[in-house]
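S.K.: Here's my sequence, what's the structure:
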Amino acid sequence: MSTAQGLLERLVNHIWYGNSLLSWCLIPLTWPVRWALHRRRQHASPKGNTPEGVTVIVVGGLTAGGTGKTPVLIGLGKWLAEQGYRVGVVSRGYGGAHGPAPHSVTEVDTAAVVGDEPLLIQQALGVPVVVCADRKRALDILVDQRAVDVVLSDDGLQHYPMPRDIELLVLDAERGLGNGRLMPAGPLREPASRLANVDVVLERNGSDPDRGFSYQPAGVQHLVSGRQLTWSECVAEWGNQSIIAVTGLGQPTQFFEMLKGQGLTIEAESLGDHEAITQAHLDRLGEQVVLITAKDAVKWSECKDPRVWVVAIEVALPSSLLIRLTALLPPVRFVEA
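M.R.: As a prediction, the model looks like this:
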């Protein structure tokens, strides 16, 4: 991360999550945001007004920045597939150059075209993924062209034209709602009262067993050769040495603290949110082993550096969430022989 980016990030965190007078000065700028939200809600699709035979679940957030939505969506998608549901995903495709029309993600797509998160989801789940800034158009294309009975929306809680049946909101328990103000005076995309209208709230690293979830490393894969190690093998091989951890996550501290908590000594290097790692980044660092996330890896398919390993992260979803979803979802309609 450049010096300018680092300074800007620290300033924003101070305004949004500290006790800053600058936040008060920015309050007048929240009025247009509030007005725009009101206008969006006036044109919202009624809840439950989804295509016949399809359940739409939005996995979204109330605050700007990373809260763990994509890992939760991947974990939820795996669980749904295990129950027998045919899953599809819609996403905005942030950072991709796919254009205004809906685009179905394929194995030959790159993060530069479809965005890092949709590509990561497609690779992790192997299900149909359609990206479009207009998520309703993406949903229509997905339902018309592919056989799905549950559609997960990667983010999109505030995309009111898209119909939905279930809203799942993901928060960071440590940061919470910050100063509780709308952007740009605070981190909120919508007023905090929106919490009362969603079906499920999950908190990353939350203490409530009915809402809390956490990340656990499942293992690593060598980015160049594809060699895989279990996490216990990683700790046995690297536990007595310092390694480098690099990521372009929205909240990189979560990744770094997870690695430290699992017995590794790391030198942390954070980039901007969605920023791609390059060889130039690594050339400025030491010669140690380098750990990155899967989200970083999908943006760096041309990597030839033998030091780089990708950490596979698993999310343990609360059992209460799965029980709730079992009650909300219709029975599985198609069972493979």
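S.K.: all strands for the stretch 101-250 of the chain, in order.
M.R.: Secondary structure of the stretch 101-250 of the chain (DSSP state E, counting those that start in this stretch): strands at 103-104, 129-131, 150-154, 166-172, 200-204, 212-222, 228-230, 242-247.
S.K.: Are there helices or strands packed against the longest one, and which ones?
M.R.: It refers to strand 212-222. Using 3 or more C-beta pairs under 8 Å, 6 or more residues apart in numbering; DSSP states H and E, the elements in contact with strand 212-222 are strand 200-204, strand 228-230, helix 231-238, helix 252-261, strand 308-316. (Each C-beta comes from the backbone N, C-alpha and C, glycine too.)
S.K.: before we move on, what about the fifth one?
M.R.: The elements that strand 200-204 packs onto, with contact taken as 3+ C-beta pairs under 8 Å, 6+ apart, are strand 166-172, strand 212-222, helix 319-328.
S.K.: which residues are contacting the first one?
M.R.: If you take C-beta atoms under 8 Å, 6 or more residues apart in numbering as the criterion, strand 166-172 is touched by 55-63, 66-69, 72, 76, 157, 177, 194-195, 197-206, 251, 254, 321, 325, 328.
S.K.: Just the buried ones from those residues, in PyMOL syntax?
M.R.: A single PyMOL command selects the buried members of the contacts of strand 166-172 (16 or more other C-beta atoms under 10 Å):
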select buried, resi 55+56+57+58+59+60+61+62+63+66+67+68+69+72+76+157+177+194+199+200+201+202+203+204+206+251+254+321+325
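S.K.: could the strands of the stretch 101-250 of the chain go into TSV alongside distance to residue 288 and mean pLDDT?
M.R.: Rendered in TSV, the data for the strands of the stretch 101-250 of the chain read as follows (distance: least, C-beta to C-beta, whole Å; pLDDT from 0 to 100):
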stretch	distance to residue 288	mean pLDDT
strand 103-104	39	94
strand 129-131	35	97
strand 150-154	33	96
strand 166-172	29	96
strand 200-204	28	95
strand 212-222	14	93
strand 228-230	16	95
strand 242-247	5	94
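S.K.: Give me whichever of those is most buried.
M.R.: strand 129-131 (a mean of 29; mean count of other C-beta atoms under 10 Å).
S.K.: closest to residue 26 out of the strands of the stretch 101-250 of the chain?
M.R.: strand 166-172 (21.4 Å; C-beta to C-beta).
S.K.: List the pairing partners of that closest one within its sheet, with orientation.
M.R.: strand 55-60 (parallel), strand 200-204 (parallel) (DSSP bridges).
S.K.: what's the spacing between it and its chain's center?
M.R.: Distance, stretch centre to chain centre, for strand 166-172: 11 Å (C-alpha atoms, centre = their mean, to the nearest Å).
S.K.: Name the stretch from the helices and strands packed on strand 212-222 that approaches residue 216 most closely.
M.R.: Here strand 308-316 is closest among the helices and strands packed on strand 212-222 (C-beta to C-beta), at 5.1 Å.
S.K.: For the closest one, enumerate the helices and strands it packs against.
M.R.: By 3+ C-beta pairs under 8 Å, 6+ apart, strand 308-316 packs against helix 69-83, strand 212-222, helix 252-261, strand 290-293, helix 294-297.
S.K.: That one: which residues count as buried?
M.R.: By 16+ other C-beta under 10 Å, the buried positions in strand 308-316 come out as 308-315.
S.K.: Closest one of those residues to residue 302?
M.R.: So of the buried residues of strand 308-316, ranked by how close each gets to residue 302 (C-beta to C-beta), first place is residue 308, at 11.7 Å.
S.K.: want to try CSV for the strands of the stretch 101-250 of the chain, with distance to residue 290 as columns?
M.R.: Below are the strands of the stretch 101-250 of the chain laid out as CSV (distance: least, C-beta to C-beta, whole Å):
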stretch, distance to residue 290
strand 103-104, 32
strand 129-131, 28
strand 150-154, 27
strand 166-172, 26
strand 200-204, 25
strand 212-222, 11
strand 228-230, 14
strand 242-247, 5
